[in-house]
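Student: here is my input; please provide its structure:
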Amino acid sequence: MEERQVSRWARRRVASHLLAGTINPRRARSAATVLYRALKGSAAQLSRASLQSIFPGIDQVEVRVRYSPDQGGGSLADVITLAQVVKYLECRRMFEIGTFRGYTTFHLALNAPSGSHVYTLDLAASAVPEAKLELTDLQLIQKPSSGEWFQNTECQPRITQLFGDSAAFDYSAYEGKMDFVFVDGAHSYEYAMADSLTARRLLTSGGIILWHDYPTYPGVWRCLEVLSREWPGSFVWVEGTALVAWKPA
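Tutor: This is a model prediction of the structure:
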C-alpha cells in the first residue's frame, strides 16, 4: 500500500471518529479531553529546554531504573530525568513533597551518591478531612498505603518517610539543608503555592527545585507561571517531561 493511501486511511479514520463523537456524547467528551490535554502544552508559557542544555553533559550520566507498568506517579521519562539530575548534581540531602507509592522516592535514593538521604512527606488518607487547604484529585490521596515501592528494599535505610499535611508540617529541622527538593504534592493552586514556598525555604545555597505535573494540573500550571514572574532565577520546562526546574539566580 502506498504511503499516500495510508495517509488517506488515517485521515478517514480520524474523521469517522469525530463523526461518531457527534452521535455518541461519551466519545465526544473523550476526544475533547484528548484535544484539551494536547493544547495545554501549546498554551503553557514557561520556556522549554532540553535536559542537556540545562545541565551540560548530563546525557552521559547512567542511572539505575526498576521498571514496572504499575509504577504510579509520573512517566518513566520523568523518573529517569529526576534520577539523572540527582546523580549529576551529586545531591546528598533531598526532600520530596508527595510520596504516593514511593516509585520516585526509590529512584532518587537508588541513584544519589553514597551517604545521601531522602526525606519524603505524604498526607495520610485518614488526614484528608483535616487538610488545611483545598484538595483536588482525592483518588491520588485516598490510597491504601504510601511508599510501598521502597519498603524492604536496599534503599529503605536511606529514606525517611514522614506523614503530615504539607501546608501545616513543621519543617524547622530541614530548612536550609536540602540540595534538592521535589514538589509533587496536592495539585490545587493553594497547595502548589504553599509547597513551592516551603521548597524554597528548604533549599541550601546552590540547591535546586523540581516540580511535577506542569501543565497537567491547572493549579500547578498557574502556580508556576505566577512564580516565574516573582522569583529570581530561571524556571525551565524540561522537554519531553512534565517537570519544571528552578535554579536560584
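Student: what comes up buried for the longest strand belonging to the chain?
Tutor: Across the chain, the longest stretch assigned as strand under DSSP state E is strand 203-212. Buried residues in strand 203-212, counted by 16 or more other C-beta atoms under 10 Å: 203, 207, 208, 209, 210, 211, 212. Every residue, glycine included, has its C-beta placed from N, CA and C.
Student: leaving out chain neighbours, which residue sits closest to the residue most central in space within the chain?
Tutor: The centre of the chain sits closest to residue 212, judged by C-alpha atoms, centre = their mean, with a distance of 2.1 Å. Nearest residue to residue 212, sequence neighbours excluded (C-beta to C-beta, 6 or more residues apart in numbering): residue 184, at 4.1 Å.
Student: secondary structure element for residue 237, which one?
Tutor: Using DSSP states H and E, residue 237 maps to strand 234-238.
Student: show me what the helix or strand harbouring residue 197 is packed against.
Tutor: Assessed by DSSP H and E, residue 197 sits inside helix 189-202. Packing partners of helix 189-202 (3 or more C-beta pairs under 8 Å, 6 or more residues apart in numbering; DSSP states H and E): strand 93-97, strand 178-183, strand 203-212, helix 218-230.
Student: quick check: angle from that helix to helix 218-230?
Tutor: If you take axes from the mean of the first three to the mean of the last three C-alpha atoms, to 10 degrees, helix 189-202 sits at 50 degrees to helix 218-230.
Student: sort out which residues of helix 189-202 are buried, please.
Tutor: By neighbour count on 16+ other C-beta under 10 Å, the buried set for helix 189-202 is 189, 190, 191, 192, 193, 194, 195, 196, 198, 199, 200, 202.
Student: from those, which is closest to residue 6?
Tutor: residue 192 (43.4 Å; C-beta to C-beta).
Student: which of the three states applies to residue 215?
Tutor: Here residue 215 is recorded as coil under DSSP: H, G, I helix; E, B strand; the rest coil.
Student: quick check: it vs residue 91, distance?
Tutor: Distance, residue 215 to residue 91, using C-beta to C-beta, to the nearest Å: 26 Å.
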